[in-house]
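In: here you go, sequence then predicted model.
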Amino acid sequence: MEWSWLKDWWRLKKPRRTHRRSRTADSGTSGGGEADGPAHDGDMEFSDAHGYDQGGYQDETLYGYDDDDDYICYCDECMNGDLDSNDGLDSDDSSTSGKQVVVAVCAMAKKSQSKPMKEILTRLQEFEFIKMVVFSEEVILKEPVEKWPLCDCLISFHSKGFPLEKAIQYAQLRQPYVINNLHMQFDIQVDRRRVYAILEKEGIEIPRYAVLDRDSPDPKQHELVESEDHVEVNGIIFNKPFVEKPVSAEDHNIYIYYPTSAGGGSQRLFRKIGSRSSVYSPESRVRKTGSFIYEDFMPTDGTDVKVYTVGPDYAHAEARKSPALDGKVERDSDGKEIRYPVILSNAEKLISRKVCLAFKQTVCGFDLLRANGKSFVCDVNGFSFVKNSNKYYDDSAKILGNMILRELAPTLHIPWSVPFQLDDPPIVPTTFGKMMELRCVTAIIRHGDRTPKQKMKVEVRHPKFFEIFEKYDGYKYGHIKLKRPKQLQEILDIARSLLAEIQTKAADSEIEEKQSKLEQLKSVLEMYGHFSGINRKVQMKYQPKGRPRGSSSDDVDAPKEPSLVLILKWGGELTPAGRIQAEELGRIFRCMYPGGQSRGDGKEGLGAQGLGLLRLHSTFRHDLKIYASDEG
């Protein structure tokens, strides 16, 4: 029946709009007309509490949502399963009306009704064979797991107040396909020691650390010797600055202790409260009660990197201002914390894959610290979504939807075929309905509006120039190019020295003839008061028999001594107009991804985050290479 799978593939992501009820028509009918949204019919009857009818088939009215334009109802009655039986399928699809994958979200209301969750559930609704149901908080907390609605796939995750043990009991009872392993969530949410042990086992870089376990009966597990600028934990010395974390993953009161040379005291980090994420305290002594992890402080230049995985092959990364700086949360005009897109290195992408697989968490967030040329994982948060990124919502829904159907469609006999190259996210729909994705962008870019480039040549024979030429292997290649500040400083020192000799009448006649050239060389190299950028360069070319004669009038008997042609280049700097052009090019580049338009309410402009090449930054496809001319 392979032809049947292929026949139905085109309907996989087709929004079910053909036979939807008209809200206008419904509201205009008299008496008995269907209401807008799911019908709350008190006379609906079910053959049993688990939603099976007389024929033994699962009653979809227990789980269904009305499909009016991505409408998902979150009221208690709907989330308890009392929903309209109209599942929105086309009338000619009666043969598949009982073949849908029921995906349940089991989490506290604050999480299940959050904007990121609603955005992703709305997109999952567009899969024709997926039906969503959200367990209400009342059901989760008060009802026994035997009375929880049935599902084929379970998305469940721990947060404050969530009964993780009941979720595990439900999974054992109903055996659904579980997106995030529930047993591993105990390790993530309860004990940082267990998290670090798993990271170490997988060979993932973490800061050097030691555990002070004051609850252990073994005295060797809670030996602490404290001095002014360091602590010794179980024989391991940590010099300030160092970090002190509670072993409980639910305790976010993390302290950073500073050395006396930096003023001493400590920075006390906590979960964001308003516009604060940490406060400074003059207290320099470590805490004397409780068990803690002590680890080296990583110098990260004031930024933290947050990584969000959706499966092992997709990782979205953002950077934020580190709370260890001054504790003030940077927010935009809408009051949301400012975050910046991050390009992950190949090593960091491998880390995200390892974290996802090691903790068995399909949807997983963790913290990266970039320090000393390496990347360290300092915390694993478990189930986490990116906020305010339509691009991420699109990608997550597509990856999760395809993952769920790939796992469950065959066992439920749903006519769904695995798309070609399904394992290569993100999958991008096009106007032709083909499976396409961006694999490479090649751009040839010319400079913007700039000042003219200028050049000056002079033939030199002074030994000091030959010393520089030899120092940088000029004889090996016949020429050298000097761009670095130290190299240009050496040339400037020579020019100043020779001009000083001319002033004191100590220079020979050949040097005096080059005075104007040397003054120009000195003037250009002294521009701006420092060497930076790529706006100045000195080249020297070796002439074994001196510079070639330019015409027949040149002195044929002139000495054929070796010389160097010194070429000074400068200019070519961006004008204010050029800077504007460069910034505009960057904005356009962010948004040129074909088919990458995100759904939105029209508020997103040309440079909106979530469009363009930022999509590549979040996947394993990104491999940035820049080739510049040698003149740069």
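Out: Thanks, I have the structure now.
In: just checking, Lys486 is part of a strand?
Out: No - counting by DSSP: H, G, I helix; E, B strand; the rest coil, Lys486 is not part of a strand but helix.
In: neighbours of it, just the number please.
Out: By other C-beta atoms under 10 Å, 8 other residues sit near Lys486. C-beta coordinates here come from the backbone N, C-alpha and C atoms, glycine included.
In: quick one: it from Lys522, how far?
Out: 17 Å (C-beta to C-beta, to the nearest Å).
In: what does Glu128 give?
Out: According to C-beta to C-beta, Glu128 stands 75 Å off from Lys522.
In: neighbour count winner among those two?
Out: With neighbours defined as other C-beta under 10 Å, Glu128 and Lys522 compare such that Glu128 has more, 23 against 17.
In: so that one: helix, strand or coil?
Out: Per three-state DSSP, the secondary structure class of Glu128 is coil.
In: try Glu244
Out: Strictly by three-state DSSP, Glu244 counts as strand.
In: now the end-to-end length of stretch 298-314.
Out: End-to-end distance for stretch 298-314: 26 Å, by C-alpha to C-alpha, to the nearest Å.
In: residues contacting Ser497?
Out: Lys464 (C-beta atoms under 8 Å, 6 or more residues apart in numbering).
In: looking at this, it is in a helix?
Out: Yes - per three-state DSSP, Ser497 lies within a helix segment.
In: pLDDT score for it?
Out: At Ser497, the model reports a pLDDT of 92.
In: how about Pro323?
Out: Confidence score, pLDDT, at Pro323: 87.
In: which ones are touching it?
Out: For Pro323, the contact set (C-beta under 8 Å, 6+ apart) comprises Leu269, Ser277, Ser278, Asp304, Val329.
In: swap in 6 Å and give it another go.
Out: Counting by C-beta atoms under 6 Å, 6 or more residues apart in numbering, Pro323 makes contact with Leu269, Ser277, Ser278.
In: domains in this protein, by residue range?
Out: If you go by automatic domain parsing, the domain ranges for the chain are 2-27+35-180+394-424, 189-388, 453-548+557-576.
In: quick check: which of these is nearest to Phe589?
Out: Distance to Phe589, taken as C-beta to C-beta, is lowest for domain 189-388 among the domains of the chain, at 12.4 Å.
In: and the closest one, end to end?
Out: One end of domain 189-388 sits 25 Å from the other (C-alpha to C-alpha).
In: again, but for stretch 539-547
Out: For stretch 539-547, by C-alpha to C-alpha, the gap between its terminal residues amounts to 15 Å.
In: got the buried residues for it?
Out: Neighbour counts over stretch 539-547 (16 or more other C-beta atoms under 10 Å) mark Gln539, Met540, Lys541, Tyr542, Gln543 as buried.
In: for that stretch, give the mean pLDDT please.
Out: According to the model, stretch 539-547 has a mean pLDDT of 88.
In: okay, Gly533: pLDDT?
Out: Value for Gly533, per-residue pLDDT: 58.
In: how about residues contacting stretch 235-255?
Out: By C-beta under 6 Å, 6+ apart, stretch 235-255 touches 189-190, 192-193, 210, 229-231, 256-259, 266, 268-271, 286, 291-295, 297.
In: hmm, back to that, which one of the contacts of Pro323 is nearest to Phe376?
Out: Nearest to Phe376 among those: Leu269, at 16.9 Å, using C-beta to C-beta.
In: show the contacting residues for Ala171.
Out: Val178, Leu182.
In: returning to that earlier point: buried ones among the contacts of stretch 235-255?
Out: 189-190, 192-193, 210, 231, 256-258, 266, 268-270, 286, 291-295, 297.
In: what about those, which are in helices?
Out: With DSSP state H as the criterion, helices contain Gln189, Val190, Arg192, Arg193 from among the buried ones among the contacts of stretch 235-255.
In: need the residues you listed in CSV with distance to Leu224, can you?
Out: Shown next, in CSV, are those (distance: C-beta to C-beta, whole Å):
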residue, distance to Leu224
Gln189, 27
Val190, 23
Arg192, 18
Arg193, 16
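In: check which helix or strand Thr122 maps to.
Out: Element membership for Thr122 (DSSP states H and E) is helix 115-124.
In: what mean pLDDT does that helix have?
Out: If you average the pLDDT over helix 115-124, you get 93.
In: can you tell me the strand partners of the next helix or strand after it and which way each runs?
Out: Later in the chain than helix 115-124, the nearest helix or strand by DSSP H and E is strand 130-134. Using DSSP bridges, strand 130-134 pairs in its sheet with strand 101-106 (parallel).
In: which residue is the nearest non-sequential neighbour of Lys517?
Out: Counting by C-beta to C-beta, 6 or more residues apart in numbering, Lys517 lies nearest to Val458, which is 4.1 Å off, once chain neighbours are set aside.
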